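Peer 1: Predicted model and sequence below, questions to follow.
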Amino acid sequence: MVNPTLLIVDDEKTQREGLRAALEHRYDVYLAEDAKSATDLLERENFDVLLTDFRLPSEDGMKLIARAKSLTKPPVCILMTAYGSEEVAVEAMKRGADDYIAKGRMQIDELEMRIARALRRQSLESENQSLRRQLDSKFGLENIVGDSPAMQEVFEVVKQVAPTTATVLLLGESGTGKELVARAIHQLSPRAHAPLVTVHCAALAATLLESELFGHEKGAFTGAHERRIGRFEQAQGGTLFLDEIGEIDATIQIKLLRFLGERTFERVGSGKTLTADVRLVTATNKNLGELVKAGTFREDLFFRLRVVEIHLPPLRERAGDIPLLAQSFLREFARENGKSVTDFTADAMELLMTYSWPGNVRELRTAIESAVVLCRGQRISARDLPPWVRQGGGATESADPARLLARTDLTVKEAEKQLIIRALKETNGNRTLAARKIGMSRRTFHRKLHTHHLEGF
């Protein structure tokens with residue numbers, strides 16, 4: 001069985017060596033005499049435990065713990081303090097330390113117990129995170145890529161509304177991912193074991209749509225040679241997603257209003273009232289409020305549908321998500337087409353960032369599929385992108401920082417670093433504003449600062 005790795009940081013050689021002698025039978029022990037040496041080790045090796053003195057020559061132990069906790073795989077962090085320094089210890093716990101121990105009365109068996117307890121707690125947290133990731137995967141949230149504040153807000157609302165029975169109205173331009181959100185709402189709900197039935201309302205004529213939704217009896221109209229079960233009955237116990245709800249005519253609006261009020265409906269050509277336990281999620285790229293004013297959409301139905309509204313932002317308003325989406329689509333299509341394409345050149349990424357994407361995520365997906373198919377190397381370059389992307393479609397203000405990048409053969413990681421530096425310069429070092437400017441969440445922005453060694457910028 002492999003021993004856990006332990007990094008001991010103390011400027012007193014006797015203390016360092018004594019702790020190593022006492023603990024090396026259970027841990028692979030590394031030693032450092034100051035914060036700089038410890039940081040170098042933390043960046044080169046993965047440690048399970050960091051045991052550090054509070055008082056170090058150039059930097060106190062709390063700052064070292066904060067740096068360790070920002071790593072991709074942070075260690076358990078235990079701070080050694082002087083006897084009676086409870087205030088320091090409490091502050092350390094607030095800033096990320098897992099535990100503390102007073103040096104003046106430290107017993108090795110107590111220290112081993114504290115380390116073992118902290119490792120068990122970390123292991124449990126890791127297992128819980130793994131379970132949550134599995135649940136998210138099962139429930140479909142992994143299909144919605146986005147780390148921008150706007151998309152994080154969408155995710156939070158989805159998680160809140162999904163377990164309820166509320167009717168949901170999804171608003172947003174075509175191609176923003178409304179159907180994916182509808183699927184996530186269903187999969188996160190208690191109805192996940194039952195069907196999710198989708199109807200694209202604009203794809204059918206009014207008479208056909210009525211039959212499609214509510215079903216019909218044999219002989220109800222010409223061509224009705226047998227009874228048909230409608231989508232409401234098919235979705236029994238589950239969720240019915242009506243896309244492009246703004247396209248339905250007055251007759252169907254009345255029937256939908258009745259269903260939302262009474263949970264009842266009738267098949268076309270039948271006088272028998274049926275009941276369905278169905279949750280309704282609808283979506284539109286139109287302004288239903290304007291349709292109400294124009295008299296083409298019922299106001300009472302509008303209010304019934306918008307119990308919870310979720311607005312999906314267009315891609316041009318979350319430009320910071322473009323690299324994430326592009327990489328996700330690249331992996332998908334490289335796998336499907338048996339290609340060894342793994343990355344984008346900086347000039348290709350700049351074009352992706354500055355194009356306005358009127359077709360939103362759907363258009364980006366198509367562009368990346370085309371680029372993967374046409375790519376002749378391992379990295380997609382500007383020449384591999386579709387002509388309409390290369391020629392531009394009206395770059396947006398939100399993408400200005402990316403447009404200012406030089407067209408060099410940088411890697412995407414290097415281009416990202418330059419984008420962050422540009423944003424920090426333009427906001428005079430204000431990290432909150434810089435993160436917002438490039439469409440990243442504050443947490444992701446701080447993680448990127450560490451990744452690119454820009455903490456002191």
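Peer 2: Sure thing, it's come through.

Peer 1: From the structure, what's the count of residues near the nearest residue to residue 165 once chain neighbours are set aside?
Peer 2: With C-beta to C-beta, 6 or more residues apart in numbering as the criterion, residue 165 has its nearest non-adjacent residue at 6.2 Å, and that residue is residue 279. Just so you know, the C-beta spots here come from the backbone N, C-alpha and C atoms, and that holds for glycine as well. Neighbour count of residue 279, defined by other C-beta atoms under 10 Å: 23.

Peer 1: which residues does residue 279 bridge with?
Peer 2: As for beta bridges, residue 279 partners with residue 239 under DSSP bridges.

Peer 1: pretty sure it contacts residue 237?
Peer 2: No. The pair residue 279 / residue 237 is not scored as a contact, 9.3 Å apart, by C-beta atoms under 8 Å.

Peer 1: any idea how far the residue nearest to residue 165 lies from residue 247?
Peer 2: Using C-beta to C-beta, to the nearest Å, we find residue 279 at a distance of 21 Å from residue 247.

Peer 1: Can you get me a residue count around residue 167?
Peer 2: Neighbour tally, residue 167, other C-beta under 10 Å: 16.

Peer 1: With the one 10 residues further on instead?
Peer 2: Number of residues near residue 177 (other C-beta under 10 Å) recorded here: 24.

Peer 1: Residue 52 too?
Peer 2: 25.

Peer 1: Name the SS class of it, please.
Peer 2: Secondary structure, DSSP: H, G, I helix; E, B strand; the rest coil: residue 52 is strand.

Peer 1: Output the below-cut-off pLDDT ranges for the stretch 51-200 of the chain.
Peer 2: Where the stretch 51-200 of the chain drops to pLDDT under 70, the residues are 83-85, 126-142.

Peer 1: Apply 80 and report the result again.
Peer 2: For the stretch 51-200 of the chain, applying pLDDT under 80 flags the ranges 72, 82-89, 92, 94-95, 104-106, 123-143.

Peer 1: And the stretch 251-400 of the chain, by the same measure?
Peer 2: Counting by pLDDT under 80, the stretch 251-400 of the chain contains low-confidence ranges at 392-400.

Peer 1: the strands in it, which residues?
Peer 2: Secondary structure of the stretch 251-400 of the chain, counting by DSSP state E, counting those that start in this stretch: strands at 264-266, 273-275, 279-284, 308-311, 343-344, 379-380.

Peer 1: closest one to residue 39 among these?
Peer 2: strand 343-344 (28.7 Å; C-beta to C-beta).

Peer 1: tell me what that closest one is packed against?
Peer 2: Judged by 3 or more C-beta pairs under 8 Å, 6 or more residues apart in numbering; DSSP states H and E, the packing partners of strand 343-344 are helix 322-337, strand 379-380.

Peer 1: is it true that residue 312 touches residue 174?
Peer 2: No. Taking contacts as C-beta under 8 Å, residue 312 lies outside contact range of residue 174: 10.5 Å.

Peer 1: Which one of the two is surrounded by more residues?
Peer 2: Neighbour comparison, residue 312 and residue 174: the larger count goes to residue 312, with 25 against 13 (by other C-beta under 10 Å).

Peer 1: sorry, back to before: mean neighbour count, the strands of the stretch 251-400 of the chain: which tops it?
Peer 2: Ranked by mean neighbour count, the strands of the stretch 251-400 of the chain are led by strand 279-284 with a mean of 25 (mean count of other C-beta atoms under 10 Å).

Peer 1: Determine the set of other helices and strands touching it.
Peer 2: Going by 3+ C-beta pairs under 8 Å, 6+ apart, strand 279-284 lies up against strand 168-171, helix 178-187, strand 239-243, helix 250-262.

Peer 1: Would you point to the one among the ones you listed that's packed deepest?
Peer 2: strand 239-243 (a mean of 24).

Peer 1: how far out from the middle of the chain is that one?
Peer 2: Counting by C-alpha atoms, centre = their mean, to the nearest Å, strand 239-243 is centred 23 Å from the centre of its parent chain.

Peer 1: How about stretch 219-237?
Peer 2: 39 Å.

Peer 1: any idea of the mean pLDDT in that stretch?
Peer 2: The average pLDDT for stretch 219-237 rounds to 86.

Peer 1: Tell me which residues are up against it.
Peer 2: With contacts defined as C-beta atoms under 8 Å, 6 or more residues apart in numbering, stretch 219-237 is touched by 191, 193-197, 199, 207, 211-218, 240, 259, 265, 267-270, 274, 276-278.

Peer 1: 7 Å - rerun?
Peer 2: Under the criterion C-beta atoms under 7 Å, 6 or more residues apart in numbering, residues 191, 194-195, 197, 199, 211-218, 240, 265, 267-269, 276-278 lie in contact with stretch 219-237.

Peer 1: And for stretch 274-288?
Peer 2: Here stretch 274-288 makes contact (C-beta under 7 Å, 6+ apart) with 165, 167-174, 178, 182, 185, 191, 232-233, 235-246, 260, 263-266, 297, 302, 305.

Peer 1: returning to what we had before: distance of the residue nearest to residue 165 from residue 269?
Peer 2: In terms of C-beta to C-beta, residue 279 sits 27 Å off from residue 269.

Peer 1: quick one: which of the helices and strands packed on strand 343-344 is nearest residue 290?
Peer 2: Ranked by C-beta to C-beta, the member of the helices and strands packed on strand 343-344 that lies closest to residue 290 is helix 322-337, at 29.9 Å.
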